[in-house]
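# only the shape, not the letters, is given here:
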């Protein structure tokens, strides 16, 4: 019989809990736009209102695998965030500033 995760979690050692929580944090760093919106408890309609577009356009943005950075920035701001870009090289991370800002 299936058991709730909370029951299993309660039986984990503190070290194992820490590992699980670290994995969850890593997974949250790799989230699809639709999942990000849902995690923020927003509907496509609410995001569309923020972006001043229709709900169908939000659906299209969420399904895109390639989009303009400005579109992504607008979407992230509509769900309450701020887009930051950085380039990662061996031994160095560089924050990128777009549009000369």
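Received, thanks. Since the structure is predicted, the reported quantities are computational estimates derived from the model, not experimental observations.
# residue 20 contacts residue 9, doesn't it?
Yes: the pair residue 20 / residue 9 is scored as a contact, 7.4 Å apart, by CB atoms under 8 Å. C-betas here are computed from N, CA, C, even on glycine.
# report the rounded mean pLDDT for the lengthiest helix in the chain.
Ordering each helix of the chain by length in residues (DSSP state H) puts helix 14-28 first. For helix 14-28, mean pLDDT is 83.
# swap in stretch 80-90?
For stretch 80-90, mean pLDDT is 92.
# quote the end-to-end distance of that stretch.
Across stretch 80-90, the terminal residues are separated by 32 Å (CA to CA, to the nearest Å).
# same thing with stretch 5-21?
13 Å.
# related to what we said a few turns ago, following the longest helix of the chain, which helix or strand comes up?
helix 33-39 (DSSP states H and E).
# I'd like to know which elements that following helix is packed against.
The elements that helix 33-39 packs onto, with contact taken as 3 or more CB pairs under 8 Å, 6 or more residues apart in numbering; DSSP states H and E, are helix 55-63.
# and the angle for the next helix or strand along the chain from the helix it packs on with helix 55-63?
Sequence order places helix 69-78 as the next helix or strand after helix 55-63, per DSSP H and E. Angle of helix 69-78 versus helix 55-63, following axes from the mean of the first three to the mean of the last three CA atoms, to 10 degrees, is 110 degrees.
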